[in-house]
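# Sequence and predicted structure below; questions after.
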Amino acid sequence: MAKTIPFPGSNQAARARQAKALLLPIPRSTAAELILPVHIALDALRRGAGSLSAAQTLTQTMLLTGFLCDLGYGEMTYEQLRIADQALAVTFERGRASDDWRLDDAHIEMFAHIVSTYDAQLQRAPLSALTDASARLDRILANGSAEPTLRKQA
């Protein structure tokens, strides 16, 4: 039976690689896979051909964008996110009442900006920031309660 060669510190090397990966942005192909459904959801809601799923996708994107801005990756104000949240609330009310899943024309540009910001965040923010933002979203989804996405600035 062949003996394996022990590599001292192989666990340490693996931890070092993992720590380095957390400091780097995700691969562009992964970022493209993550952002494509968001662009599709925005387009569907813009055209009035959206769905509950599309509205949920934009809601999660809005929250993640806010969390990443809060970590220093991108710029959005609390007020912008509050208005976006209200616009989505109207979309959910209308959609549930009449199955008309669309964004109001007045809010299309705002959501295009949110999606563009999120796209840039996916390409530039380190994996550690994306992981933190995702964990924060998971906690909100688990608790069923929303929290302010950005700290109010005086």
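In hand now; what should we look at?
# Nearest residue to Gly74 in space, please, no chain neighbours.
Thr117 (4.8 Å; C-beta to C-beta, 6 or more residues apart in numbering). For glycine as for every other residue, the C-beta is placed from the backbone atoms N, C-alpha and C.
# Identify the residues contacting whichever strand or helix holds Tyr118?
Assigned by DSSP states H and E, Tyr118 belongs to helix 105-124. Helix 105-124 has contacts (C-beta atoms under 8 Å, 6 or more residues apart in numbering) with 25-26, 28, 31, 34-35, 38-39, 42, 45-46, 58, 61-62, 64-65, 68-69, 73-76, 80, 83-84, 87, 103, 130.
# For that helix, buried residues please.
Within helix 105-124, the residues that count as buried by 16 or more other C-beta atoms under 10 Å are 107, 110-111, 114-115, 117-122.
# can you pull the buried residues of stretch 53-69?
Per 16+ other C-beta under 10 Å, stretch 53-69 contains these buried residues: 54-55, 57-69.
# Ramachandran coordinates for Ala49?
With angles defined as degrees, to the nearest 10, Ala49 shows backbone torsions of phi -110, psi 30.
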